Structures are given as C-alpha cells and as structure tokens.
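K.L.:
this one's structure only:
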C-alpha cells in the first residue's frame with residue numbers, strides 16, 4: 001500500500017475569516033460548492049464546524065464511493081478536517097492570509113492509503129487527476145460565492 005496525496009490551492013479575494021466561516025457551514029454554504037460528483041449529501045449531526053457529521057457518495061470516473069465524514073477543527077478559524085469513519089481518507093481545508101488582509105489562500109488536501117497491486121496502480125494514477133479537477137471546480141465555486149467572480153486572481 002502507498003499513501004496517496006492530492007492538493008489544490010488558490011487565492012480568493014475574501015477575508016480569511018469569511019472564507020473559513022463559509023467552509024465551516026456544512027448545513028447551508030459548504031454544500032453549494034460541491035460538484036455533481038457529490039450525490040445524496042446530507043448533514044447527519046451538527047452543521048457548523050467541529051462535531052458535524054456529513055454523508056455523501058462521490059462519483060468519479062466509473063467508480064462511486066460512500067463517505068461518512070466527521071468534522072474536526074484542529075486549528076479553529078484555519079483548518080477543517082473531514083475524516084471518513086470507514087477508511088483512511090482525510091480531507092483537510094486550510095485557510096490562511098493571502099497577499100493582503102482581504103485575500104485568502106485556500107487549499108484542500110486529501111490523503112488516504114491506496115490499494116496494492118494493479119488496482120492500486122490505477123488508483124495512484126487516475127484518482128489524483130480526477131480529484132484535482134473536482135477540487136479546482138469547488139475552489140472556483142467558492143470564489144464565485146464569496147466574490148461574484150469565477151476568475152482566479154493574478155499573482
């Protein structure tokens with residue numbers, strides 16, 4: 001088995017506290033940036049930040065996988081951790097100060113223990129490409145929601 005790591009980052013013209021509040025609102029706001037790859041998204045418990053529990057199915061390529069995620073805030077106001085209860089998969093959303101006080105640097109990272117053998121080869125080869133595409137779309141939607149602009153800022 002090998003550890004698989006996928007990361008996408010971009011600058012967004014919004015204050016870090018506004019970006020974090022948006023991402024931490026799993027009941028109303030976070031779901032608005034999900035792509036059509038996310039099916040049957042539901043909030044099972046909580047809804048804002050730590051203690052929230054969400055459930056969804058992720059369709060990517062010809063595969064579909066069910067996730068039951070528990071939300072943690074190891075660094076409140078900066079880091080949201082989504083930990084799957086049924087696998088080693090962990091999504092991490094990080095929000096930090098950008099080039100100025102009205103800009104944020106946002107990254108989403110996913111890590112998990114990949115399969116071995118031929119299946120693992122295809123997982124290591126194709127899953128990161130698919131997830132990068134999904135996360136890029138999600139960050140574009142986040143920027144659109146917060147700024148009304150879909151274009152990535154220069155710099």
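P.N.:
Nice, I can see it. Computed from a prediction, not measured in an experiment: that's the story for all the values here. Numbers count the residues shown, from 1 in each chain.
K.L.:
CA atoms for contacts and neighbours, from now on please.
P.N.:
OK.
K.L.:
contacting residues for residue 57?
P.N.:
37, 38, 39, 40, 41, 64, 65, 66, 67 (C-alpha atoms under 8 Å, 6 or more residues apart in numbering).
K.L.:
any idea which residue sits dead centre in the protein?
P.N.:
residue 108 (4.9 Å; C-alpha atoms, centre = their mean).
K.L.:
Excluding residues flanking it in the chain, which one is nearest that one?
P.N.:
Using C-alpha to C-alpha, 6 or more residues apart in numbering and skipping residues adjacent in sequence, the residue nearest residue 108 is residue 93, 4.6 Å away.
K.L.:
What strand or helix carries residue 133?
P.N.:
Assigned by DSSP states H and E, residue 133 belongs to helix 117-147.
K.L.:
so where's the protein uncertain?
P.N.:
1, 112, 114-129, 149-155 (pLDDT under 70).
K.L.:
what comes into contact with whichever strand in it runs longest?
P.N.:
Using DSSP state E, we find that the single longest strand of the chain is strand 63-75. Residues from elsewhere that reach strand 63-75, judged by C-alpha under 8 Å, 6+ apart: 49-59, 79-86.
K.L.:
could you redo the last one with a cut-off of 6 Å?
P.N.:
With contact meaning C-alpha atoms under 6 Å, 6 or more residues apart in numbering, strand 63-75 is reached by 50-58, 79-85.
K.L.:
Measure how far it is from the centre of its chain, please.
P.N.:
Relative to its chain's centre, strand 63-75 lies at 9 Å (C-alpha atoms, centre = their mean, to the nearest Å).
K.L.:
Parallel or antiparallel, which strands does that strand pair with?
P.N.:
strand 53-60 (antiparallel), strand 79-84 (antiparallel) (DSSP bridges).
K.L.:
These: which one's closest to residue 31?
P.N.:
Across the strands paired with strand 63-75, residue 31 has its closest neighbour in strand 53-60 (10.3 Å, C-alpha to C-alpha).
K.L.:
Dump the strands paired with strand 63-75 to TSV, plus distance to residue 142.
P.N.:
Shown next, in TSV, are the strands paired with strand 63-75 (distance: least, C-alpha to C-alpha, whole Å):
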stretch	distance to residue 142
strand 53-60	19
strand 79-84	15
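K.L.:
what's the most buried one of the ones you listed?
P.N.:
Greatest average neighbour count among the strands paired with strand 63-75 goes to strand 79-84 (a mean of 22), per mean count of other C-alpha atoms under 10 Å.
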